[in-house]
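Student: Fold the stuff below for me.
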Amino acid sequence: MKKKKIVWGGWELPILYEDNDLLAISKPAGLLTVPIHKSKAVSAEFILNQAKHDSEGQIKAVHRIDRYTTGVVLFAKNRFAYKFMVRHFLAHEPKRVYHCWVHGVVKEEKGTLVHVFKLIDASFKNVPSTIADGGSEARLSYKVLHRYPNATHLQVELDTGLKNQIRAQFKEIGHPVIGERQYVEKPDGLLDRPALHAQRLEVTHPKTGKLISMKAEIPAELLNLDRFLLEMK
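Tutor: Below you'll find the predicted structure:
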């Protein structure tokens, strides 16, 4: 069975789930989730409204992933669904599972990371802070999927959803994400974007109350990275 996808302006957006209320896609690297003020860069939200001929622009993202992160992104197709899903995400109820590849060998088989970050507008990145100074708590759990000689493949589940959270938290413990540019002094040259993929998302449907699970295939460049790391000595 041929998988459905939206093709617009050179972008291909595979559809992972769609009904009258929700629409989930697998976002490619380099595409914004939502428009940025004063930027002409196209976004997934814009493409979906164009492709679905929604002149009122009611198709709205209910969460975001970074521009150069691939994977599942969910959109609401009406106001009721949008309000429900925004509350759902603010309550940290959806299950958000990522795959990432980090520098260094992570010793613990699994663990939980908790930090407090503050978003700096000038650099557009999160830096360590305190709650008293206006920071927000960042919490995630992880488990090791594979260890290479000088890197680790991890499965990560977000408890909170701060900007660049996974990238910022693993940098803080000395294991920056491979391909990272913003949170390191010098890029590693192994990948032209962070090795981070939003693989699975589970949410409660706004009308039926049923659990919906969406999964995005790991893209070729990350599978190629995986093979490259296996061959490194």
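Student: can you tell me which residues contact the most centrally placed residue in the chain?
Tutor: The chain has residue 65 as the residue nearest its centroid, 3.6 Å off, counting by CA atoms, centre = their mean. Contacts for residue 65 (CB atoms under 8 Å, 6 or more residues apart in numbering) come out as 27, 33, 71, 72, 73, 198. For every residue, glycine as well, the C-beta is placed using N, CA and C.
Student: Likewise for residue 97?
Tutor: For residue 97, the contact set (CB under 8 Å, 6+ apart) comprises 155, 156, 157, 198, 199, 200, 201.
Student: ok, and for the helix or strand of the chain with the lowest mean pLDDT, which residues are buried?
Tutor: Least confident helix or strand, the chain: strand 125-128 with a mean of 75, by mean pLDDT, DSSP states H and E. Applying a neighbour-count criterion of 16 or more other CB atoms under 10 Å, the buried positions in strand 125-128 are 125, 126.
Student: List the contacts of it.
Tutor: Applying CB under 8 Å, 6+ apart, the external contacts of strand 125-128 come out as 115-120, 135, 138, 162-165, 168, 172, 182-183.
Student: Repeat that for stretch 75-83.
Tutor: Contacts for stretch 75-83 (CB under 8 Å, 6+ apart): 20-25, 44-45, 48, 54, 58-62, 84-85, 206-207.
Student: Convert that stretch to CSV, retaining C-alpha atoms only.
Tutor: This file holds the C-alpha atoms of stretch 75-83, laid out as CSV (Å, rounded to 0.1, in the frame of the first residue of the first chain):
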residue,chain,number,x,y,z
PHE,A,75,-1.3,19.5,13.8
ALA,A,76,-4.9,20.3,14.7
LYS,A,77,-7.5,20.9,11.9
ASN,A,78,-10.0,22.9,13.9
ARG,A,79,-10.2,25.2,17.0
PHE,A,80,-11.7,22.5,19.3
ALA,A,81,-8.9,20.0,18.5
TYR,A,82,-6.3,22.8,18.8
LYS,A,83,-7.3,23.9,22.2
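Student: Out of the contacts of residue 65, which end up buried?
Tutor: By 16+ other CB under 10 Å, those give 27, 33, 71, 72, 73, 198 as buried.
Student: Out of those residues, which comes closest to residue 217?
Tutor: Set against residue 217, the nearest of those by CB to CB is residue 71 (9.2 Å).
Student: which residues touch residue 197?
Tutor: 69, 70, 71, 98, 99, 100, 216, 218, 219, 222.
Student: In strands, which of these appear?
Tutor: 70, 71, 98, 99, 100 (DSSP state E).
Student: Now for the closest residue to residue 5 other than its chain neighbours: which residues touch it?
Tutor: Excluding the flanking residues, the one nearest residue 5 by CB to CB, 6 or more residues apart in numbering is residue 14, at 4.5 Å. Shown in contact with residue 14 (CB under 8 Å, 6+ apart): 3, 4, 5, 25, 26, 216.
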